[in-house]
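Asker: test case, fold it:
(one chain, ligands or ions: 2)
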Amino acid sequence: MSLREHALSLFRSAVGTVRPAPMLKRAVKLQGDGCPQLIVKGRAFPVKRNLYLVGFGKAVLGMAAAAEEILGDHLIRGIVSVPLGIQESLQRAGMQEMLLKPHSRIQVIEGARNNLPDPEALRGAGAIQELAQGLTADDLLLVLISGGGSALLPAPIPPILLEEKEKLTKMLASRGAAIQELNTVRKTLSLLKGGGLARLAYPAQVVSLILSDVIGDPLDIIASGPTAASSHSVQDCLQVLAKYNLLQSLPESVETVLSSSPTKRAAPEDYSHVCNVIIGSNALALDEAKRQAEGLGYVALILSAAVCGDIGHVAALYCQLIRLLCLGFAGLGEGPLGNEVRGNLLQLAAELDIPGLNLAEFLEALRGLGPEKPVCILAGGETTVQLRGTGKGGRNQELALRVGLGLHRAQGAEASSPLGRCEIIFLSGGTDGQDGPTGAAGAFCSPELVDEAFQEGLDAEAFLNNNDSYTFFSHFQRGRHLLVTGLTGTNVMDIQTVLIRPKDRS
Ligand SMILES: Nc1ncnc2c1ncn2[C@@H]1O[C@H](COP(=O)(O)OP(=O)(O)OP(=O)(O)O)[C@@H](O)[C@H]1O
Ligand SMILES: O=C(O)[C@H](O)CO
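Answerer: Numbering: from 1, shown residues only. Ligands and ions are numbered 1, 2, ... in the order given. Sure, this is the predicted structure:
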């Protein structure tokens, strides 16, 4: 198999492990006939036809279908709020297993066109609110949560109107607010976010199964934490609004809500009736890819599941890492060039400030690698792109193009570069199967990409300067380097894979 085929198969296995059905089956089991129990991550909840289900998010339909299969007749009723058109597109894609059965007890409400709250999503949130409010201490509410959940569960605190909340969200996003900032504001203005849903469902037992699409898997940020205690106060919300120059232009209704909310962080509320469990994450997907890579004969290492920050810096980090690995294969890793590259890497990592990454430790682990086996480096997260051009692309395709260009330059700058002596593949892909507004999930690159494209009359750098990575990859060798998976029905951010082996071993 070629490195490309290996990279593709690793990506597929990573995504496969966080697909709704396998994920739900790993996390939840129904046990015992006489007095059945729902077992969730080692905790047992008695079940006696007292189960209710709600859900919101882009991956929740498939999660609900899998949950209903496990729960059987114990499930009384459910409501899920999912993206507009998702049933039709899953049907078209032949992903029947992600759809509910014809006589399902779960009602589906589609809404949130363009990932923004709309009247349909408001209707879904209203129905979910009503269901949660009516529960008793004998009931168990299973809550399914995934990315996109914030827009699918809008419940603005009166007198705030949906349109006012939508406008504020849009303005924050367009001014570059990070998801942590955006959701800090959303939580303050919503009845159901920031633990609101869990509080409404009390005294019922609440079990939330969460698919994380946020770096670090913070319970109170993913889908704005409807079943998690919020770690933010109104003061934090005001700070975000001030940072993006929005304090002066707030609608009156928002001012009313902000001034009537307690400015101090409230005393911790009792969430002892809630069990929040992350059942799928980028880290979990990377672990599976690592297992597979080892099975394919690689020495596999995970760099981080929290790679974030400016895409240019992230691309430079990957290029330097690839250089270092190639130097290692050439037996030059400990020489002056190796030290220089390690220095570059440490500086880049300090600038990027990737949460939890100890690069010095990672570089030590690389030092111990012998030249016998091919190497696989796995990483995941979400980079930030500053759009300057008018082209079509996505984070992953742009990252692959940037890495391709960086490797080309590094190779050109060094006489008899060790890069030329290795076979190298870099792959970056969005686990949801859609990278930006394009038909691809990501792209592959190698150090040869720029030269080969040039022979076809394609100037990689010019495409990059116009954020036109999708157009570039669609034309280059007729799209052979695009990663096309179709929608996967899950989403744990993006995944990158670097595969390297010396050329004479291939
Ligand atoms: N032409 C482009 N080139 C590079 N990146 C782009 C381009 N157009 C949009 N993007 C990036 O694509 C992202 C939006 O795409 P997408 O809808 O896949 O977002 P997402 O964050 O992956 O959503 P989700 O969290 O639902 O997966 C943004 O990060 C945006 O900067
Ligand atoms: O819905 C949201 O808030 C984002 O997808 C982050 O989880």
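Asker: local confidence estimate at the nearest residue to residue 450 once chain neighbours are set aside?
Answerer: Spatially, and ignoring its direct neighbours in sequence, residue 450 is nearest to residue 408 (3.8 Å; Cβ to Cβ, 6 or more residues apart in numbering). The way it works is simple: take the backbone N, C-alpha and C, and place the C-beta from them, glycine included. Confidence at residue 408, expressed as pLDDT, is 96.
Asker: tell me which helix or strand residue 408 sits in.
Answerer: Per DSSP states H and E, residue 408 falls inside helix 395-413.
Asker: and the helix or strand immediately after that helix in the chain, which strands flank it?
Answerer: Counting by DSSP H and E, the element after helix 395-413 in chain order, helix or strand, is strand 422-430. When pairing is defined by DSSP bridges, strand 422-430 lines up against strand 442-445 (antiparallel), strand 494-502 (antiparallel).
Asker: nearest to ligand 2, of those strands?
Answerer: strand 494-502 (13.6 Å; Cβ to the nearest ligand atom).
Asker: not counting its neighbours along the chain, what's nearest whatever residue of the stretch 251-400 of the chain ends up closest to ligand 1?
Answerer: Going by Cβ to the nearest ligand atom, ligand 1 is nearest to residue 393 of the stretch 251-400 of the chain, at 3.0 Å. Distances taken as Cβ to Cβ, 6+ apart place residue 469 nearest to residue 393, at 3.6 Å, with adjacent residues excluded.
Asker: distance of the one you found relative to residue 453?
Answerer: From residue 469 across to residue 453, the span is 12 Å (Cβ to Cβ, to the nearest Å).
Asker: pick out whichever of these two has more residues nearby.
Answerer: residue 469 (33 against 24; other Cβ atoms under 10 Å).
Asker: contacting residues for the nearest residue in space to residue 482 that is not next to it in sequence?
Answerer: Excluding its sequence neighbours, the residue lying closest to residue 482 (Cβ to Cβ, 6+ apart) is residue 440, at 4.4 Å. Counting by Cβ atoms under 8 Å, 6 or more residues apart in numbering, residue 440 makes contact with 394, 397, 434, 470, 473, 482, 483, 484.
Asker: give me the mean pLDDT for the helix or strand hosting the fifth one.
Answerer: So that's residue 473. Take DSSP H and E as the rule and residue 473 turns out to sit in helix 469-475. For helix 469-475, mean pLDDT rounds to 98.
Asker: so which residues make contact with it?
Answerer: The contact list for helix 469-475 (Cβ under 8 Å, 6+ apart) reads 391-394, 397-398, 400-401, 435-436, 438-440, 443, 453, 456, 458, 460, 463-464, 479, 481-482.
Asker: among these, name the ones in strands.
Answerer: Among the contacts of helix 469-475, the residues falling in strands (DSSP state E) are 443, 482.
Asker: among the contacts of helix 469-475, which ones are buried?
Answerer: Neighbour-count burial (16 or more other Cβ atoms under 10 Å) applied to those gives 391-394, 397-398, 400-401, 435-436, 438, 440, 443, 453, 458, 460, 463-464, 481-482.
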